[in-house]
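# Predicted model, plus sequence, below.
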Amino acid sequence: MNDILNLVGRLLLAFLFLGGFAQKLADPAPVIAMIEGIGLPGALVWPVTVFNLVAALGLLLGPGDRGVRLWALVLAGYCLFTSYFHWQLRADPWQVTIMVKNWAIAGGLFVLAGSGPGRFCWGGPVTARAR
């Protein structure tokens, strides 16, 4: 049961970043405006868009236990890092809500990094002996 719950959790986390990829690809203007609103070049939307896709796939596929753990840590750092930018727009209460949600997502990703992906991952889990 734990492995199934772990897989469902990984899928939901990955869907969040896949959704971010799709949203930025389909309509980058709001993200560009937000990025430019804090003094950064709007063209940063494109590397972030690609990162969202690659990181979501890494979270799902790994490869293997160590790959999933690494991507979980990278995405947790990404969530904490991007929280700073939402805080810069704190005059909008919705941005503060997004910031706090990013912290919660980072917390879930840290748990995943600590516990590993379970047995349902490409490349298989690392056995206790191999750790």
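Structure's in. What do you need? Treat the numbers as computed from the prediction; the structure is a model and nothing was measured.

# separation between the residue positioned nearest the centre of the chain and Q88?
The centroid of the chain falls nearest to L75 when counting by C-alpha atoms, centre = their mean (4.1 Å). Distance, L75 to Q88, by C-beta to C-beta, to the nearest Å: 21 Å. Backbone N, C-alpha and C define where each C-beta goes, glycine included.

# again with A43
Noted for A43: a distance of 19 Å to Q88, by C-beta to C-beta.

# quick one: which of those two has more around it?
Q88 (14 against 11; other C-beta atoms under 10 Å).

# for the more buried one, what are its contacts?
For Q88, the contact set (C-beta atoms under 8 Å, 6 or more residues apart in numbering) comprises I38.

# Return the distance of it relative to M99.
10 Å.

# same deal with V68?
V68 is 26 Å from M99, by C-beta to C-beta.

# Output the below-cut-off pLDDT ranges for the protein.
Along the chain, the model assigns pLDDT under 70 to residues 123-131.
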